[in-house]
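> quick one: sequence plus predicted model below, questions after.
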Amino acid sequence: FCFYSTRENFKPEMLKGKRVIVTGASTGIGEQMAYHLARMGAHVLVTARTEAKLQKVVERCQELGASSARLISGSMEDMAFAKQVVEAAEAELGGLDMLILNHIGKSYFSYFDGDVRHIQKLLDINFLSYVAMTVSALPMLKQSGGSIVVVSSMAGKVGFPFTVPYSATKFALDGFFSSLRQEFSIQNVNVSITLCILSFIDTESAVRAAADVVQMSPAPKEECALEIIKGGALRQREVYYKYALTKIPLLLRDWAAELLDYLIRQHYRVERPPAA
Ligand SMILES: NC(=O)C1=CN([C@@H]2O[C@H](COP(=O)(O)OP(=O)(O)OC[C@H]3O[C@@H](n4cnc5c(N)ncnc54)[C@H](OP(=O)(O)O)[C@@H]3O)[C@@H](O)[C@H]2O)C=CC1
Ligand SMILES: CC(C)CCC[C@@H](C)[C@H]1CC[C@H]2[C@@H]3C(=O)C=C4C[C@@H](O)CC[C@]4(C)[C@H]3CC[C@]12C
């Protein structure tokens with residue numbers, strides 16, 4: 001009841017004039033979040049590595065009615081860049097209301113190959129840069145009573161095959177941000193933290209990587225992006241999208257972990273060695 005009643009209370013006007021950073025906004029869910037925010041009249045600052053794509057996203061945001069739209073390009077492998085993005089918001093927007101952490105580095109969707117350096121690099125991009133941006137943005141977010149939105153995955157709550165490096169980075173986010181949320185609560189820090197648990201979404205990169213193996217149809221990125229923004233604006237603890245596809249497996253996780261592991265394996269189309 002609480003979940004649905006808060007969801008009903010969302011109004012697009014909540015984002016009007018708000019200053020928002022969206023990372024990983026050149027494609028996929030991040031790009032769609034930028035468009036929703038633009039329609040709602042927010043000030044958007046988008047970032048990713050590919051400037052040419054960001055330029056197009058910014059133009060589209062302006063057409064859709066953003067209060068303002070700007071970009072800063074660079075790689076989140078570099079913690080100095082992560083900090084620069086936050087500083088750009090301070091210099092150009094005069095503050096920050098919402099920090100949407102969404103980018104991920106490229107990984108592989110297959111058996112763990114033993115590459116330790118890849119895990120280290122992915123932790124830098126998918127985890128450490130989130131920490132660095134949060135630390136830099138916190139003074140501004142405290143001032144505005146703002147929000148941090150962290151985009152994670154079912155693979156950040158449960159072990160899936162073929163996502164070993166990725167899953168490690170997403171579990172790390174849960175540890176960091178859930179612990180930090182507890183401290184904010186004790187210290188009366190008025191900054192909300194929303195962790196988003198997503199199932200399979202129809203972005204180009206995800207479909208390319210996983211559609212042949214995962215026996216399940218992906219959910220639409222546009223609706224996904226909107227649910228993330230709603231959850232952040234309503235200061236929800238966690239967002240589940242699609243709701244039934246994430247909530248029900250997570251109930252099983254705590255009460256019937258081996259059954260859930262089995263059901264997940266059943267959704268994968270892989271060569272299995274004959275039973276002994
Ligand atoms: N799609 C899915 O099925 C699911 C997605 N999610 C989560 O949703 C979020 C978005 O996923 P999705 O939209 O599919 O991803 P995409 O692959 O479409 O987008 C990834 C974004 O990150 C940027 N990026 C990649 N590498 C770097 C880097 N080194 N530094 C900075 N930016 C970088 C990319 O732009 P560029 O290459 O220009 O840098 C792009 O904008 C992620 O957090 C993901 O974990 C969770 C569950 C399922
Ligand atoms: C328990 C079931 C009902 C739900 C199953 C959901 C499964 C199939 C979903 C949940 C998390 C999803 C992965 C994800 O989070 C992000 C990416 C990165 C992208 O670049 C490549 C695809 C990949 C690996 C997704 C593949 C599909 C996954 C495993």
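That came through, no problem. Ligands and ions are numbered 1, 2, ... in the order given.
> and the residue in the stretch 51-200 of the chain that ligand 2 sits nearest to, what's its pLDDT?
Of all residues in the stretch 51-200 of the chain, the one sitting closest to ligand 2 is Ser153 (3.2 Å; Cβ to the nearest ligand atom). Heads up, the C-betas are built off the backbone N, CA and C, glycines and all. Per-residue confidence (pLDDT) for Ser153: 98.
> near ligand 1, which residues of this structure?
Within the chain, the positions near ligand 1 by Cβ under 6 Å from any ligand atom are 24-30, 48-50, 53, 75-77, 102-105, 125, 151, 153, 198, 200-201, 203, 205-206.
> wait, what's in contact with the residue nearest to Gly94 when sequence neighbours are not counted?
Using Cβ to Cβ, 6 or more residues apart in numbering and skipping the chain neighbours, the partner closest in space to Gly94 is Arg19 (7.6 Å). Arg19 is in contact with 42-43, 45, 89, 93-98, 144, counting by Cβ atoms under 8 Å, 6 or more residues apart in numbering.
> quickly list what Arg19 is bridged to.
When bridges are called by DSSP bridges, Arg19 pairs up with His43.
> now it: how far from ligand 1?
Arg19 sits 20 Å away from ligand 1, going by Cβ to the nearest ligand atom, to the nearest Å.
> ok, Ser147 next?
In terms of Cβ to the nearest ligand atom, Ser147 sits 17 Å off from ligand 1.
> let me know the pLDDT of that residue.
98.
> ok, how many other residues are close to Cys196?
Using other Cβ atoms under 10 Å, Cys196 is surrounded by 25 other residues.
> sec struct for it, please.
Three-state assignment for Cys196 (DSSP: H, G, I helix; E, B strand; the rest coil): strand.
> from what I can see it touches Ile229, true?
No - using Cβ atoms under 8 Å, Cys196 is not in contact with Ile229; the gap is 10.1 Å.
> near ligand 2, which residues of the protein?
Counting by Cβ under 6 Å from any ligand atom, the chain sits next to ligand 2 at 109, 153-155, 160, 163, 166, 199-200, 205-206, 209-210, 214, 216, 245, 249, 264, 267.
> partners of the residue nearest to Gln236 when sequence neighbours are not counted in the sheet?
Spatial nearest neighbour of Gln236, chain neighbours left out: Thr194 (5.5 Å); criterion: Cβ to Cβ, 6+ apart. According to DSSP bridges, Val149 are recorded as the beta-bridge partners of Thr194.
> model confidence for Leu263, exactly?
Looking at Leu263, the pLDDT reads 97.
> tell me the contacts of it?
Leu263 neighbours (Cβ under 8 Å, 6+ apart): 249, 252.
> let's go with 10 Å and repeat that
If you count contacts by Cβ atoms under 10 Å, 6 or more residues apart in numbering, Leu263 has them with 249, 252, 256.
> name the residue of the protein that lies nearest to ligand 1.
Of all residues in the chain, Gly28 sits closest to ligand 1, at 2.2 Å by Cβ to the nearest ligand atom.
> quick one, what contacts that residue?
Contacts for Gly28 (Cβ under 10 Å, 6+ apart) come out as 48, 102-104, 201-206, 221, 224-225.
> and the helix or strand encompassing Ser129, average pLDDT?
Per DSSP states H and E: Ser129 is located in helix 129-144. For helix 129-144, mean pLDDT is 98.
> any idea which helix is longest in the protein?
Ranked by number of residues, the top helix in the chain under DSSP state H is helix 164-186.
> what comes up buried for that helix?
Residues of helix 164-186 classed as buried under the neighbour-count rule (16 or more other Cβ atoms under 10 Å) are 164-174, 176-177, 180-181, 184.
> what's the distance between Thr27 and ligand 2?
Between Thr27 and ligand 2 the distance is 10 Å, computed by Cβ to the nearest ligand atom.
> hey, where'd the helices end up in the stretch 1-150 of the chain?
With DSSP state H, counting those that start in this stretch as the criterion, the stretch 1-150 of the chain has helices at 2-8, 28-39, 51-64, 79-93, 116-123, 129-144.
> and those helices as JSON lines, adding distance to Tyr240?
JSON lines is the format used below for the helices of the stretch 1-150 of the chain (distance: least, Cβ to Cβ, whole Å):
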{"stretch": "helix 2-8", "distance to Tyr240": "9"}
{"stretch": "helix 28-39", "distance to Tyr240": "15"}
{"stretch": "helix 51-64", "distance to Tyr240": "27"}
{"stretch": "helix 79-93", "distance to Tyr240": "27"}
{"stretch": "helix 116-123", "distance to Tyr240": "24"}
{"stretch": "helix 129-144", "distance to Tyr240": "20"}
